[in-house]
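Q: Sequence first, predicted model second:
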Amino acid sequence: MHLKDARYMKIIDKLKVISKNKNKEVLVKRYLLDCCEKSIRFRSSRVLPDNLSVARNYLRRRASSDKLFRALWLIEGEAFSTEDFFKPNIFLIKSKLRFYSEQKHISNDLLRIRISKGLTHLEAQEYLHELAYFIDQAFTCTWRIPEWFFNEKNEKFMCPRLFLRYFGSNTE
């Protein structure tokens, strides 16, 4: 399926309807986590892959809610770090080593996105920022599906092929 076809699928609208069905809630959560997994190649830190396994184990009832909250906290922290990276002259209370490590990962992520997607530096910054918050939202949905807060910007991170595999083409 091509990206043009994916735009016409309107995955966001279909997921809104599907997520209201309590019997499909876990399926929606698994789908969102699998969409996050497809983005691992753009994240150079171990935060995403390590916490994907925690979130999946939580859905299988093999991890406690405390472990999931820790995973949510780490994912959200990575999203905040990505946002802070693009702000000039921000005062961060962190150890120099940790801050350097986060900057190095974000720089690597930007380079990966620029090369893979063929984007300019500013476009890659926007893409990485949106990706970090999409991952954060997907992990939040693992804990519970709140009122729907995904939007059209997030749809570019949702895989149409995975959607069809999970939900088929007859979803209304």
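A: Cool, the structure landed.
Q: and C36, what does it touch?
A: C36 sits next to L48, L52, F134, I135, A138, F139, F157 when contact means Cβ atoms under 8 Å, 6 or more residues apart in numbering. To be clear about C-beta, it is placed using only N, CA and C from the backbone, and glycine gets the same treatment.
Q: Which element, helix or strand, includes it?
A: Per DSSP states H and E: C36 is located in helix 25-37.
Q: give me the low-pLDDT residue ranges for this structure?
A: For the chain, the stretches flagged by pLDDT under 70 are 1-8, 87-102, 146-148, 170-172.
Q: one more time with 50, if that's ok
A: 1-3, 89-100 (pLDDT under 50).
Q: any idea how far E130 lies from V17?
A: Shown here: E130 relative to V17, a distance of 23 Å by Cβ to Cβ, to the nearest Å.
Q: Which of the two has more residues huddled nearby?
A: A direct count of neighbours by other Cβ atoms under 10 Å for E130 and V17 places E130 higher, at 16 against 12.
Q: right, and that one touches N154 too?
A: Yes. Judged on Cβ atoms under 8 Å, E130 makes contact with N154 at a distance of 7.3 Å.
Q: And the helices in the chain, which stretches?
A: Using DSSP state H, the helices of the chain run over residues 3-9, 11-19, 25-37, 47-59, 65-85, 96-117, 121-143, 160-167.
Q: Let's have those helices in JSON lines, adding distance to F149.
A: Formatted as JSON lines, these follow (distance: least, Cβ to Cβ, whole Å):
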{"stretch": "helix 3-9", "distance to F149": "20"}
{"stretch": "helix 11-19", "distance to F149": "10"}
{"stretch": "helix 25-37", "distance to F149": "12"}
{"stretch": "helix 47-59", "distance to F149": "18"}
{"stretch": "helix 65-85", "distance to F149": "14"}
{"stretch": "helix 96-117", "distance to F149": "23"}
{"stretch": "helix 121-143", "distance to F149": "6"}
{"stretch": "helix 160-167", "distance to F149": "18"}
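Q: buried sites along stretch 50-67?
A: N51, L52, V54, A55, R56, Y58, L59, A63 (16 or more other Cβ atoms under 10 Å).
Q: contacting residues for C159?
A: D34, C35, K38.
Q: So which of those is the closest to Y166?
A: Looking at the contacts of C159 and their distance to Y166, the nearest is D34, at 7.9 Å (Cβ to Cβ).
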